[in-house]
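Q: Below are the sequence and a predicted model for it; my questions follow.
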Amino acid sequence: MKTAGIMTYLCPKAREKGDKMKHIARPEKQFHILIVDDEPDVLVTIAMNIRAEGYHIHKETDPERALEWLATHPCDVLITDIMMPGVSGMDIIKTLRDQPEKDTEIIVITGFATLQTAMEAVQQGVYDYIQKPIDQLALKQVVAHATEKLYLKRQNTWLLKNNTRLLNHLSTLNEISKILYQLNDVGAAAEMALDTMLEYFQLKKVALFQWDHRTQQYRFLRQKGFSSQWNNFAFKADSILNHVKITGGQIHIVPMPRGRLTFEQGHLETEKGSLVFIPVVFQDATQAWLAYLTDDKAPVDVEHVNRLLSILANHIAPVISLRQESGYTGLTASSLTAHIQQHLNRAADTMTPVGFSLFRFEPLAENDNPLVIQDTLESARLKIQSFVDEETDVIWQTVDTVLFVLPNRDYFNCETFSDKLTATLEKYFRKVETPVQLDITHSCVGYPECGDEASSLLWRLWTQLIQEQQREKEKSRLIQTAD
């Protein structure tokens, strides 16, 4: 399926905010210092005193040449004499302050201090004022404090810009998620996710690996930018790639400093860089991986990109998971959607409501014995079978997830049905005292209240269910913290 570029889907406001992610360089603790004094001995002494701290130092005895140097070079700290022939130190300071893009810290040294020069220096925002003869230890400390102040100021500016950028990106991802939630075709969702990685995140080589039940491996579902030699690349759960164990649910960065990737089946020769894996997790299982290849020649802000790609992975997780065939019904995503659409069309033809309720059962076991868990889930299935009437369509999507289609019941009656079923199951499991308790979560939608498009209804159900699960987990965490 050919999809248009992701940015063309977004509303104008989102495009304006998120048009291509720009890298904002983090401030570094490397400082360029210019020392200006018409006395060469003073220049040499100051430079020798502070050189050990690792600063990049430039010296000038001619203040006019100092101005020329400042016009073409970065300067973090200026140490200047005031009284010099021709151009004074104050002239240099004023020239710097007329360039607001420069945040240079200024330290003044002079043997002829006056109240007027001191006040003028303060008005120009001079960091400190030192008299000759210079106390070299004091000057060394002043320079250290000035560079630290400059670094902290730049760090705060960087954080502010980075947070603003993050909010803009989150806004754009929210727009993208609205589109993803309308999709029920995994190919279209994969294409859109990869387009987002290419166009928005400015990555060059991206892929989506999905779990293949037949081969018990993660394989390419879609990829863009990778050469043909990658076509047969696949890896198992907990595989070792270049000495990095790929564990589900975690972000992994696989370094390839020599341009080589080794894995169980062999190796690949590629460019130097890193292969980054972002887990696509749904119902506590890693269904797939978003992956991208970095190039040492074009560095990426990996920490920032990974944070945002994790959000994108959460958005595509439900549609990726529905690609897997259900062991109970055998319904794929497309056939399930078609089945639900038939119910909606029938309700529209007869002008009657229809409700949909999605249940998820999460075992809370003190032990992880799969047979005990399986027996508990089977007991839940049998109890549900006795609870529902013949008119209700029961669709088991997985062993722990079931969808109820309730003809002739609107949204409110659907909620009543769901609450009663939840209470019945909880009462049953308290009575039989099984070693496994079930955490029961459900979501409801209805026709005509929530529209007549099957794909839209299904994604609304899944979205509400996921949100409800997250609320319940947060509630449990807060209770445990309080205890």
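A: Noted; the coordinates are in hand.
Q: Just the helices from the stretch 1-150 of the chain, written as ranges.
A: 6-9, 12-18, 40-51, 63-72, 89-97, 115-123, 136-180 (DSSP state H, counting those that start in this stretch).
Q: Domain ranges for this protein, per the record?
A: As given by automatic domain parsing, the domain ranges for the chain are 32-134, 185-321, 333-482.
Q: The shortest one: how far from the chain's middle?
A: Per Cα atoms, centre = their mean, to the nearest Å, the displacement of domain 32-134 from the mean C-alpha position of its chain is 44 Å.
Q: Then the longest one?
A: Taking the mean of its C-alpha atoms, domain 333-482 sits 30 Å from the chain's own mean (Cα atoms, centre = their mean).
Q: average pLDDT across that domain?
A: Mean per-residue pLDDT for domain 333-482: 85.
Q: Do a quick rundown of the strands in the stretch 151-300 of the chain.
A: Ranges of strands in the stretch 151-300 of the chain, per DSSP state E, counting those that start in this stretch, are 205-212, 217-224, 234-235, 240-241, 244-245, 252-256, 260-263, 266-269, 273-282, 285-295.
Q: Next: the stretch 301-450 of the chain.
A: Under DSSP E, counting those that start in this stretch, the stretch 301-450 of the chain gives strands at 354-365, 393-398, 401-407, 436-447.
Q: now the ones you listed as TSV including distance to I311 and mean neighbour count?
A: The way it works is simple: take the backbone N, C-alpha and C, and place the C-beta from them, glycine included. Formatted as TSV, those follow (distance: least, Cβ to Cβ, whole Å; neighbours: other Cβ atoms under 10 Å):
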stretch	distance to I311	mean neighbour count
strand 354-365	22	21
strand 393-398	25	18
strand 401-407	23	21
strand 436-447	21	20
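Q: As a markdown table, those strands with distance to E264 would be great.
A: A markdown table is the format used below for the strands of the stretch 301-450 of the chain (distance: least, Cβ to Cβ, whole Å):
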| stretch | distance to E264 |
| --- | --- |
| strand 354-365 | 32 |
| strand 393-398 | 29 |
| strand 401-407 | 32 |
| strand 436-447 | 35 |
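Q: So which of those is nearest Q469?
A: strand 436-447 (5.2 Å; Cβ to Cβ).
Q: what angle sits between that closest one and strand 354-365?
A: 160 degrees (axes from the mean of the first three to the mean of the last three Cα atoms, to 10 degrees).
Q: Check which helices and strands strand 436-447 sits against.
A: Contact analysis of strand 436-447 by 3 or more Cβ pairs under 8 Å, 6 or more residues apart in numbering; DSSP states H and E lists helix 333-350, strand 354-365, helix 370-387, helix 411-432, helix 454-482 as its packing neighbours.
Q: Of the ones you listed, flag the one that's most buried.
A: strand 354-365 (a mean of 21; mean count of other Cβ atoms under 10 Å).
Q: What helices and strands are in contact with it?
A: Packing contacts for strand 354-365, counted by 3+ Cβ pairs under 8 Å, 6+ apart, involve helix 333-350, helix 370-387, strand 401-407, helix 411-432, strand 436-447, helix 454-482.
Q: ok and that strand relative to helix 411-432, angle-wise?
A: Computed by the same axes, to 10 degrees, the angle between strand 354-365 and helix 411-432 is 30 degrees.
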